[in-house]
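Undergrad: After the sequence you'll find the predicted model.
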Amino acid sequence: MATKGPHCSFVLLAEFDIDSGAQLTYQFPQPLGTDEGLLANLMLPDGAERHFEDWTIFFLNQTPFNTIAPVLALETHEPNDDHSSAKGSHSELIYVLNLVRTKHDKSVRRGAVVKAMAICTRHPFIQIFKPVLLLALDDYFASPSQDCLARLFDAINSMDISTAPVLTRFEKLIMRASERKDIFSEKFAPSKVPDMAVTPLNGSQATRTNIQHQTTSSSSSHSSEESIVAKNRNPYIDGARDQTAVESSTTSLYQQQHHPSSPSDSSFSLGGSAVWVNDESVILDSQGSVASGSGTLASRGRRSTDASSSSSSGLETDHTHGAPIPTASDSQLRSGISKDTHFFQTSIIYREHHLPIKLPLATFPEEVGDYSLMQLIQTFSTPQVTVSGPLHPHLHSNGNLTHAIIILFNALVTGKRVLFLGHNIPAGQVASYVLSACALGSGCGVAMRGFIERAFPYAGLAEISTSTFPTTPPAIGPLLTRQAIRAENSAASEEEIARIATRDRETSQKTDFTAKADSLDNIFMEDIISAITSRFGENVVRLRFIEYVVRFVRLASRYEEVTSGTTKLFYPSAAFGEGSLGSGVVFPDEAAALKELAANASRIEGWRRTKLHQYCVSDFQRFQATNSIKGFDLTHQLSRLRFGKNLPDVEVELIMRKIAENVRSYEQVVELLAHTPLHLGGLQPLSFCLFHQQEVVREAILDVFNELRAHPVGVMFLQALNHFQRYAYVRQAHARETRSREQVQQLMPPLPYVARTPSSRSEISLGGI
């Protein structure tokens, strides 16, 4: 992860003076060139004296009023996200993390000293800088000078993230949906893997070469995988083996030759990787082999399936001691790999304090700070929260029974101004609600974008004006609340609401405020609250809302087709025909389609008038130009396999043939796996094709799974299948390899017969010279 610019662009220091109010004392390394009074008021929130410590977050370069103009131009960073190229010539958004602290001192006027320190950065994961900012503000209270700001500035910019892997969009989707802590571990560069000599029992030496895992960018992921995963290669083929191991492998080969159709009990390692039958954890070494997490196979008593120990190049095991030969990816040698690969481990050194930093790798630009959807949902799902006021066609999609979170979502996607009002609660908590709302509306940055650029996580009463919250575009921000959410359009009047409803009726859009307890949105929120009550965790809630927002965008594409005859949001809806696959959003039946479209019509119509809709159109156009799997709607095909009933054999055959033909590279493998997240069953819809009655379908899924097995992340997804599905795959792959080997043997010419004299009847023994 390389950036041309510094991690920290500015460090600010503000103090409260009883005579002159909030004052911006220092700006390091240079003045920002914007209103200092505005910055000071943002850094010293209203009511800060009532709290010992508080955090606030605000953004710069959003509007002409908070756009910075430093004397020395800032260095721009290399765009590394999906939407950087679409921002045009707009100034890059700067995220500001601010810490304000109150120290009570009876020797000063008003009995307290209030100071705030802030850092300005381009990174949206600003939460990683909280520990060093705490130390720096303590340092400033002890010795108030600009040197404290300089030390903080230098410490943050000395943080090394040059070896952090840069993941593509689909790799991020896979990582955030996976709970495995070794996902994409091959992308982490170890500090140093020493050369290791392997000493077999007979005393000969076999030396392994030092395998260096290189950090890859999104454009070179495939080449890195080719250097990491080498199929059909055994690094120990030249080393001497113990006689016992030779006898064991010979016995295994004898059993396979006499039972070619039934797999044996050794490891199945076709093509250099393995698919264990009884173990869920797998670590791939540099040659594509699979080692256990503890480094010992026999200690766990695994039973796995072998296709051919003589022709495969899998994990070589000492059959005497039951332990595999150590590899460079074993846990005791992986010193350069994070304990949890969802984060990159680095550190910041501030005044001899080594602060460990966990850099998140799977976040999107719309995710700022350590927000919590669970906290947002729990806060606005209590019985005390009531929805009052007139019903709005864009907001109340289920009449007066519309859940408060659904009202919030509808307000966000239809471009309404949303104000979070609070009383006697920390400003940092309100800012967290604002950031959580942005993540909620955008589907955690996966489905939509454009919320952060119009969000104001903190604003005091003095800043709530037309200068800070312009009429267009609408904004999201706090008035400092957890007791109420206020959503309004630019007019925010009952007359405007009536006018919108009348206009919608004139365009043949039905405005139905009938409340239904069993509406899809209410069922969805009941599931979410049930998951939170059952302690499923924050990640599960985020994944569910990603599905919800992605579904909304695809419904909007179908709505546009119905109303205008065409759409630019997604693939056009089409049913399966002779020789052509279907596309578009999938419904159980046509009645369900009409019902769901009618329930979402009003908010879709409001969303189509916003800038968010324009962003989605441009994002889909860029997706079609850059995705690896082209020519058909992969999402539709997987949905047909997952939800379809009584699929025609010809459709299943065409689906599997298309997928097999278009999954030939690492990028295509990753894109396929991103569309089959583990919480939705993973590869299970595809695995059903292993039991299809037609051989061509079974052969196609074998091609797909064999390609997945060539990559570490693909092996992990294969591990997630149940034992029955994995055994079916192993059995059929073994049968295919056996057939291939027999065909090769039949094509080979027979060896010429050479008469040999028995050793017991040599010429010398018969009296010869």
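TA: Yep, that arrived. Residues are numbered from 1 along each chain as shown.
Undergrad: Strands of the stretch 301-450 of the chain, start to end?
TA: With DSSP state E, counting those that start in this stretch as the criterion, the stretch 301-450 of the chain has strands at 317-318, 323-324, 343-350, 353-360, 417-421.
Undergrad: and stretch 624-638, which residues are buried?
TA: Neighbour-count burial for stretch 624-638 flags S628, I629, F632, D633, L634, T635, H636, Q637, L638 (criterion: 16 or more other CB atoms under 10 Å). Glycine gets a C-beta too; all of them are placed from N, C-alpha and C.
Undergrad: Please identify which pair of those lies farthest apart.
TA: Greatest spatial distance among these (CB to CB): S628 and H636, at 17.0 Å.
Undergrad: Using PDB, write down the CA coordinates of stretch 54-61.
TA: The C-alpha trace of stretch 54-61 is given here as PDB (Å, rounded to 0.1, in the frame of the first residue of the first chain):
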ATOM      1  CA  ASP A  54     -14.400  13.800  23.800                       C
ATOM      2  CA  TRP A  55     -13.700  12.900  20.200                       C
ATOM      3  CA  THR A  56     -15.100  14.700  17.100                       C
ATOM      4  CA  ILE A  57     -14.700  14.100  13.500                       C
ATOM      5  CA  PHE A  58     -15.200  16.500  10.600                       C
ATOM      6  CA  PHE A  59     -14.200  16.700   7.000                       C
ATOM      7  CA  LEU A  60     -12.400  19.400   4.900                       C
ATOM      8  CA  ASN A  61     -12.700  20.100   1.100                       C
END
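Undergrad: Other residues contacting it?
TA: 32, 34, 42-43, 45, 48, 66-68, 90-101, 120, 126, 130, 368-369, 426-428, 431, 435, 452, 455-459 (CB atoms under 8 Å, 6 or more residues apart in numbering).
Undergrad: re the thing from before, possible to save the strands of the stretch 301-450 of the chain as JSON lines with mean neighbour count, distance to D160 and mean pLDDT?
TA: Shown next, in JSON lines, are the strands of the stretch 301-450 of the chain (neighbours: other CB atoms under 10 Å; distance: least, CB to CB, whole Å; pLDDT from 0 to 100):
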{"stretch": "strand 317-318", "mean neighbour count": "18", "distance to D160": "39", "mean pLDDT": "36"}
{"stretch": "strand 323-324", "mean neighbour count": "19", "distance to D160": "34", "mean pLDDT": "34"}
{"stretch": "strand 343-350", "mean neighbour count": "18", "distance to D160": "6", "mean pLDDT": "94"}
{"stretch": "strand 353-360", "mean neighbour count": "15", "distance to D160": "10", "mean pLDDT": "94"}
{"stretch": "strand 417-421", "mean neighbour count": "21", "distance to D160": "37", "mean pLDDT": "88"}
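Undergrad: can you put these in CSV and add distance to L134?
TA: Output for those, formatted as CSV (distance: least, CB to CB, whole Å):
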stretch, distance to L134
strand 317-318, 51
strand 323-324, 46
strand 343-350, 10
strand 353-360, 10
strand 417-421, 26
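Undergrad: Any idea which of these gets closest to K187?
TA: With CB to CB as the measure, strand 343-350 is the member of the strands of the stretch 301-450 of the chain nearest K187 (10.0 Å).
Undergrad: which residues touch the nearest residue to N61 once chain neighbours are set aside?
TA: Leaving aside its sequence neighbours, N61 sits nearest to S91 (CB to CB, 6 or more residues apart in numbering; 4.0 Å). Contact analysis of S91 by CB under 8 Å, 6+ apart lists N61, T67, I68.
Undergrad: of those residues, closest to V586?
TA: Lowest distance from V586 to the contacts of S91 (CB to CB) belongs to N61, with 41.0 Å.
Undergrad: Doesn't E15 belong to a helix?
TA: No. The assignment for E15, made by DSSP: H, G, I helix; E, B strand; the rest coil, is strand rather than a helix.
Undergrad: State the distance from it to V114.
TA: Distance, E15 to V114, by CB to CB, to the nearest Å: 7 Å.
Undergrad: what does H353 give?
TA: H353 sits 25 Å away from V114, going by CB to CB.
Undergrad: what about L97, which helix or strand?
TA: Secondary structure from DSSP states H and E places L97 in strand 94-104.
Undergrad: Which strands and helices lie in contact with that strand?
TA: Judged by 3 or more CB pairs under 8 Å, 6 or more residues apart in numbering; DSSP states H and E, the packing partners of strand 94-104 are strand 8-17, helix 36-43, strand 53-60, strand 112-121, helix 130-142.
Undergrad: buried residues in the last one?
TA: If you call a residue buried by 16+ other CB under 10 Å, then helix 130-142 has these buried ones: V132, L133, L134, L135, A136, L137, D139, Y140.
Undergrad: neighbours around the nearest residue to A118 once chain neighbours are set aside, how many?
TA: Distances taken as CB to CB, 6+ apart place N98 nearest to A118, at 3.8 Å, with adjacent residues excluded. The number of residues packed near N98 is 27, by other CB atoms under 10 Å.
Undergrad: which residues touch N98?
TA: Applying CB under 8 Å, 6+ apart, one finds that N98 lies in contact with L12, L42, M43, W55, T56, I57, F58, A116, M117, A118.
Undergrad: where does this structure have low pLDDT?
TA: Within the chain, the ranges that satisfy pLDDT under 70 run 1-4, 73-90, 189-338, 383-388, 461-513, 751-769.
Undergrad: most residues in a single helix of it, which one?
TA: Looking across the chain with DSSP state H, the single longest helix is helix 538-564.
Undergrad: packing partners for it?
TA: Using 3+ CB pairs under 8 Å, 6+ apart, the elements in contact with helix 538-564 are helix 169-177, helix 373-379, helix 427-442, helix 520-533, helix 590-607.
Undergrad: Could you name the helices and strands sitting against the shortest one?
TA: If you count contacts as 3+ CB pairs under 8 Å, 6+ apart, helix 373-379 packs onto helix 427-442, helix 520-533, helix 538-564.
Undergrad: What of the third one?
TA: In this structure, helix 427-442 packs against strand 53-60, helix 373-379, helix 404-413, strand 417-421, strand 476-479, helix 538-564, with contacts taken as 3+ CB pairs under 8 Å, 6+ apart.
Undergrad: The third one packs against which elements?
TA: To tie it back to what came earlier, the one meant is helix 404-413. Applying 3+ CB pairs under 8 Å, 6+ apart, one finds that helix 404-413 contacts strand 417-421, helix 427-442, strand 484-488, helix 520-533, helix 590-607.
Undergrad: Of those, which stretch is the most buried?
TA: Comparing the helices and strands packed on helix 404-413 by mean neighbour count (mean count of other CB atoms under 10 Å), helix 427-442 comes out on top with a mean of 25.
Undergrad: what about the nearest residue to V100 once chain neighbours are set aside, neighbour count?
TA: Of all residues not flanking V100 in the chain, A116 sits nearest, at 3.9 Å (CB to CB, 6+ apart). Other residues near A116 come to 27 when the count uses other CB under 10 Å.
Undergrad: ok, what's across the strand from A116?
TA: Note on A116: beta-bridge partners A14, V100, judged by DSSP bridges.
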